[in-house]
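# Show me how the following folds:
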Amino acid sequence: MLKVQDSPVWADDPVIKYAIQYSDEQFSELSKVWADLGFELLVHKQDVDPLIDIVQRGEDGYIIDAMTIGVGEWFIFDPMVKDDWDIATNKEFEGTYIVVED
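So this is what the prediction gives:
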């Protein structure tokens, strides 16, 4: 897991967040983060590099947010704010975030 912040080019007051790249090696860590955040996962059956739908529901059970992540993409989140998460391609990640700590 990387500790990251928005690039100063994009934000005057960058917020510290965390990022994990979806890969075979980091899948168990990523799954734990999703479980801790209370997200539902729908895995698309594929022989290689399955896509995963991440579903966030509100207290009423309705979907608040949902996104799909593929292998090599980044899950960026703030563990203190359940609603503050995003997915970025490798190019978007490198262009928007600065690694603060490995």
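# lowest confidence element among the helices and strands of this structure?
strand 97-101 (a mean of 88; mean pLDDT, DSSP states H and E).
# And it, what does it pack against?
strand 2-6, strand 16-21 (3 or more Cβ pairs under 8 Å, 6 or more residues apart in numbering; DSSP states H and E). C-beta here means a position set from N, CA and C on the backbone, and glycine is covered the same way.
# Relative to residue 84, which of those is closest?
strand 16-21 (7.4 Å; Cβ to Cβ).
# That closest one pairs with which strands?
Here strand 16-21 is paired, per DSSP bridges, with strand 2-6 (antiparallel), strand 74-78 (antiparallel).
# Each with direction, which strands does the least confident helix or strand of the chain pair with?
With DSSP bridges as the test, strand 97-101 is paired with strand 2-6 (antiparallel).
# Just give the nearest non-adjacent residue to residue 102, would you?
The spatially closest residue to residue 102, leaving aside those adjacent along the chain, is residue 2, at 6.1 Å (Cβ to Cβ, 6 or more residues apart in numbering).
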